[in-house]
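# after the sequence you'll find the predicted model.
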Amino acid sequence: MPPRPLSAALILETALDILDQEGDAGLSMRVLAARLDVKAASLYYHVRNKDTLLQAIADRVAHELHGDADLTVPWREMLTTMAVRLRDILRTHPGAAAVVATKNVSPQLAQQIADRLGPPLAASLNTTAERALLLAQSLFVLVAGLALAEFGDVPHEPAAPRAYYDAWFDLAVGTFLDGIDTP
């Protein structure tokens, strides 16, 4: 089978693979080029630099998280689903945990998410869109931090059994959501 033509999508997929196998320290433009069997300069036609590549990874996770979220359900179900979904995405791509914990999504995508998520979440919470979005972002940061603790030492396996991290996740997210629900 002939190699796939070089594209931004192939570069992103390969970068995720490297992150998942070797962690953030293992990802460089040179390593990425070698994995794709191209010269490093060829990558720069599709991505400006490593920072741009990491931005694309953060955007991809955010888009996957919010892309088809059901915004018609009550706020607690909406936020719980988002928390579980983010953890599942980061479990699939453990190397991305360090990226989403340290890299904001691009301003354009952040605005799209805010425009889509803010009004229905605010209505369900009976609050302002700004407050609703701050709560959603706080939950995102909480889950990203938990995922970083669980998966952040790629390529090493998590330090504790999965049941430990599951209990920690359930307690942290439940306590966070209970705090929102408290008058």
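Structure's in. What do you need? All figures in this text were calculated on a predicted structure; none of them were measured in a lab. Residues are numbered from 1 along each chain as shown.
# contacts and neighbour counts: CA atoms only from here.
Will do.
# need the strands for the protein, in chain order.
Counting by DSSP state E, the chain has no strands at all.
# go ahead and flag the most central residue of it.
What sits nearest the mean C-alpha location of the chain, by Cα atoms, centre = their mean, is Val61, with 3.8 Å.
# contacts for the longest helix along the chain, please.
In the chain, assigned by DSSP state H, the helix with the most residues is helix 129-151. For helix 129-151, the surrounding residues in contact (Cα atoms under 8 Å, 6 or more residues apart in numbering) are 79, 83, 86-87, 90-91, 94-95, 97-98, 100-101, 114, 117-119, 121-122, 125, 157-159, 165, 169, 172-173, 176.
# just the buried residues of that helix, please?
By 16 or more other Cα atoms under 10 Å, the buried positions in helix 129-151 come out as 129, 132-133, 135-136, 139-148, 150-151.
# ok, now which ones touch Arg85?
By Cα under 8 Å, 6+ apart, the contact set of Arg85 is Leu65.
# below-threshold pLDDT in this structure: ranges please.
Along the chain, the model assigns pLDDT under 70 to residues 1-3, 183.
# could you pull out the helices for it?
Secondary structure of the chain (DSSP H): helices at 8-22, 29-36, 40-43, 50-66, 75-92, 96-102, 107-125, 129-151, 162-181.
# just those: most buried one?
Most buried of these, by mean neighbour count (mean count of other Cα atoms under 10 Å): helix 96-102, with a mean of 23.
# so which elements touch it?
On a contact count with 3 or more Cα pairs under 8 Å, 6 or more residues apart in numbering; DSSP states H and E, helix 96-102 meets helix 8-22, helix 50-66, helix 129-151.
# quick one: it to chain centroid distance?
Helix 96-102 has its C-alpha centroid displaced from the chain centroid by 7 Å (Cα atoms, centre = their mean, to the nearest Å).
# give me the contacts around it.
Contact with helix 96-102 is made by 16, 19-20, 24, 54, 57-58, 61, 90, 141, 144-145, 147-148, 151-152, as judged by Cα under 8 Å, 6+ apart.
# send me it as PDB with only the CA atoms.
C-alpha atoms of helix 96-102 as PDB (Å, rounded to 0.1, in the frame of the first residue of the first chain):
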ATOM      1  CA  ALA A  96      -3.100  14.400  25.100                       C
ATOM      2  CA  ALA A  97      -3.800  14.900  28.800                       C
ATOM      3  CA  ALA A  98      -0.700  17.100  29.200                       C
ATOM      4  CA  VAL A  99      -1.700  19.100  26.200                       C
ATOM      5  CA  VAL A 100      -5.300  19.900  27.200                       C
ATOM      6  CA  ALA A 101      -4.100  20.600  30.800                       C
ATOM      7  CA  THR A 102      -1.700  23.300  29.600                       C
END
